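Pasting the sequence and the predicted coordinates here, then a few questions.
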Amino acid sequence: MSLPWHYLARGPLPDEGPVAFDSDLSAENVHAAALAGFYCFPTSSYEQALLNDIRYGADVESGVRWVDHEDPDPYAVAWLNPDPRPIIDLKERRVGRSMRRLARRRTDWRTTIDRAFNDVVAKCAQHHTGVQGTTWITAPLREALRDLHRIGIAHSCEVWDGDQLIGGAFGLQLGAAFTADSQFTGIDGAGKLAVTDLMIRFAQGGGMLFDLQHDTAHARSLGAIPMQRPRYLDALPRLTTGDAVIHTERRSAGHIAELVSV
């Protein structure tokens, strides 16, 4: 039995770090959690799970953070729902001049949607592998993402230089909202172009909000602004019942440069 995500989202949650622990990485649970504003951060070793237990066990006991008590190994997967949340309002999106310059310089690059989803996820996992060979994009999570991709919820954007996959990004579409999970860059700027193109396509198809999950300098460089968690969670039910599509035609970086100049 997984955690009651919508119930937890209505209660008090810590602003930073894991807010809950539940090792269920089924496609159904990952999707249900995302609809309530949660995203997962799995561990890939017993030692990492033990460290979660040591760090946050007291908070769980005091009710500050939540755990699935029926789960034999809940600390293997942490779930986050940060406050604030870095989001891009696609009705008012702004793309920096550096992105336009990159797209204009790389007119030979091409982008696609969902052409190589599994490869993008695998390369993101490699990109985020630490010195001890650990990655949060674990095999069980990759399996869930493949299932979500098959039913049209998980999507990827690929950047190609000829036949070489040089950048990409993936995430989950939640109606008129999109939550971006990860990106990778093989050649400087390619990952950022993938995210930018994905945003543009989603906006053109009726998308309203693009969530970058982690409030970092990189997210800000893509145009994200911090949204307080209560406001984000209030908007999410309306957005997740909205309609949007992601246009899938092959595009050139030159065409993307024209679109971001609008």
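In hand now; what should we look at?

T179 and C40, how far apart?
Using C-beta to C-beta, to the nearest Å, T179 is found at 11 Å from C40. To be clear about C-beta, it is placed using only N, CA and C from the backbone, and glycine gets the same treatment.

Those two: who's more crowded?
Legend: neighbour count by other C-beta atoms under 10 Å for T179 and C40, higher for C40 (24 against 21).

Return the alpha-carbon coordinates of whatever helix or strand that one lives in using CSV.
Element membership of C40 [criterion: DSSP states H and E] is strand 39-42. Taking C-alpha atoms only, strand 39-42 is exported to CSV below (Å, rounded to 0.1, in the frame of the first residue of the first chain):
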residue,chain,number,x,y,z
TYR,A,39,8.6,13.4,-7.2
CYS,A,40,11.0,10.6,-6.2
PHE,A,41,14.7,10.4,-5.4
PRO,A,42,15.6,6.7,-5.2
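
Could you list the residues in contact with it?
18, 25, 30, 33, 76-81, 136-138, 140-141, 179, 181, 213 (C-beta atoms under 8 Å, 6 or more residues apart in numbering).

These in strands, which ones?
Taking DSSP state E, the ones among the contacts of strand 39-42 that sit in strands are V77, A78, W79, L80, T179, D181.

how about CSV for those residues, with pLDDT and distance to L233 added?
Shown next, in CSV, are the ones in strands among the contacts of strand 39-42 (pLDDT from 0 to 100; distance: C-beta to C-beta, whole Å):
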residue, pLDDT, distance to L233
V77, 97, 21
A78, 97, 19
W79, 98, 14
L80, 97, 13
T179, 97, 13
D181, 96, 19
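
Now do the contacts for I153.
H31, L172, Q173, L174.

follow-up on the earlier one: tell me which residues of the strand holding C40 are tucked away?
By 16 or more other C-beta atoms under 10 Å, the buried positions in strand 39-42 come out as Y39, C40, P42.

Equivalent analysis for stretch 244-258, please.
For stretch 244-258, burial by neighbour count (16+ other C-beta under 10 Å) applies to A244, I246, R251, A253, H255, I256, A257.

cool, stretch 121-131 as well?
Quick answer for stretch 121-131 (16+ other C-beta under 10 Å): V121, K123, C124, A125, H127.

Am I right that the fourth one is in a helix?
Yes. Secondary structure of A125 (DSSP: H, G, I helix; E, B strand; the rest coil): part of a helix.

Please read off the pLDDT at it from the model.
For A125, the pLDDT comes out at 93.

quick check, nearest of the buried residues of strand 39-42 to R238?
If you rank those by distance to R238 using C-beta to C-beta, Y39 comes first, at 19.4 Å.

do you know how far that closest one is from T185?
Distance check for Y39 against T185: by C-beta to C-beta, it reads 21 Å.

circling back to that earlier point, mind putting the contacts of I153 into JSON lines with pLDDT and neighbour count?
Shown next, in JSON lines, are the contacts of I153 (pLDDT from 0 to 100; neighbours: other C-beta atoms under 10 Å):
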{"residue": "H31", "pLDDT": "98", "neighbour count": "18"}
{"residue": "L172", "pLDDT": "98", "neighbour count": "21"}
{"residue": "Q173", "pLDDT": "98", "neighbour count": "21"}
{"residue": "L174", "pLDDT": "98", "neighbour count": "21"}
